[in-house]
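Participant: Show me how the following folds:
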Amino acid sequence: MVRAVCAFAGLLVFAPAFADVDATTFALAFRAGNGDRYKNMPISGAGTSFHGAIAERLADGSTRTALVITLGSADRDGHLTPLNSWEDFVGADRAHTTLVVALSGPNLPAPPANGPTVYEFSGVYDGQVRTVPRAPVDQTSGAASPGFSPDAGPCAGEKLRDASQSGDLYCAPLLTGGTATIRR
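Facilitator: The predicted structure is shown next:
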């Protein structure tokens, strides 16, 4: 009996606390309003940075690099289509079908200046969010045609610099303690 208890205790001690959650699964749950079930769990995946480096301001007034990672374009049923080019991204973003996570961490590599960059990443969702801008609408071709998820504007509690931007912003989950490696 003592051996069985010790063996079971050993399994608990050496078992990982949480297995990583796939970023796509998490982002789809967040979009559906169920992201909190993954709170304080490690999230990992791969995606492309089309937004470039973002200067994140810290409480002490300093800044560091943050990223918005696009996982792909998701339809109503959650089927994900990879976005491989800037044109693919702009089309999906204007249709409001992009699936993204924001990433914050102390040593994130900034994307190179030569275009979209693919990252492998991980971080923890602790309930924080980040307001993300949509790709601008080309005024010469007319208004964008929103897809199934109309933008609700910035995340709750975040102020707008310009009230006219509210329809061009949406809320994304923020993964903290993020790490990222450039894949290509």
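
Participant: Work out for me the element G157 sits within.
Facilitator: Using DSSP states H and E, G157 sits within no helix or strand.

Participant: what about it, how many residues close to it?
Facilitator: By other Cβ atoms under 10 Å, the residues close to G157 number 7. For glycine as for every other residue, the C-beta is placed from the backbone atoms N, C-alpha and C.

Participant: Could you report the distance from it to I43?
Facilitator: 22 Å (Cβ to Cβ, to the nearest Å).

Participant: again with V21
Facilitator: From V21 to I43 the distance is 5 Å (Cβ to Cβ).

Participant: Could you check which of the two has the larger neighbour count?
Facilitator: Neighbours per residue, other Cβ under 10 Å: of V21 and I43, the larger number sits with I43, 25 against 20.

Participant: for that one, what are its contacts?
Facilitator: Shown in contact with I43 (Cβ atoms under 8 Å, 6 or more residues apart in numbering): D20, V21, D22, A23, F26, V101, S122, G123, V124, Y125, L175.

Participant: Sitting in strands, which of those residues do you find?
Facilitator: Applying DSSP state E to the contacts of I43, the entries found in strands are V21, D22, V101, S122, G123, V124, Y125, L175.

Participant: Now for those residues, which sits with the most neighbours around it?
Facilitator: Counting by other Cβ under 10 Å, top hit in those: L175 with 29 neighbours.

Participant: Is it bridged to anything, and to what?
Facilitator: L103, Y125 (DSSP bridges).

Participant: so it touches V101, yeah?
Facilitator: Yes. If you go by Cβ atoms under 8 Å, L175 and V101 touch, sitting 5.7 Å apart.

Participant: any common contacting residues for those two?
Facilitator: Looking at what touches both L175 and V101 (by Cβ under 8 Å, 6+ apart), the common residues are I43, G123.

Participant: List the residues that contact the residue most central in space within the chain.
Facilitator: In the chain, the C-alpha nearest the mean C-alpha coordinate belongs to V101, at 0.3 Å (Cα atoms, centre = their mean). Neighbour list for V101: 23, 26-27, 43, 45, 47, 68-69, 71, 123, 172-175 [criterion: Cβ under 8 Å, 6+ apart].

Participant: now swap in N107 and tell me
Facilitator: N107 touches T179, counting by Cβ under 8 Å, 6+ apart.

Participant: again with I69
Facilitator: A23, G45, G47, T48, S49, V100, V101, A102, L103, Y119, F121, A180.
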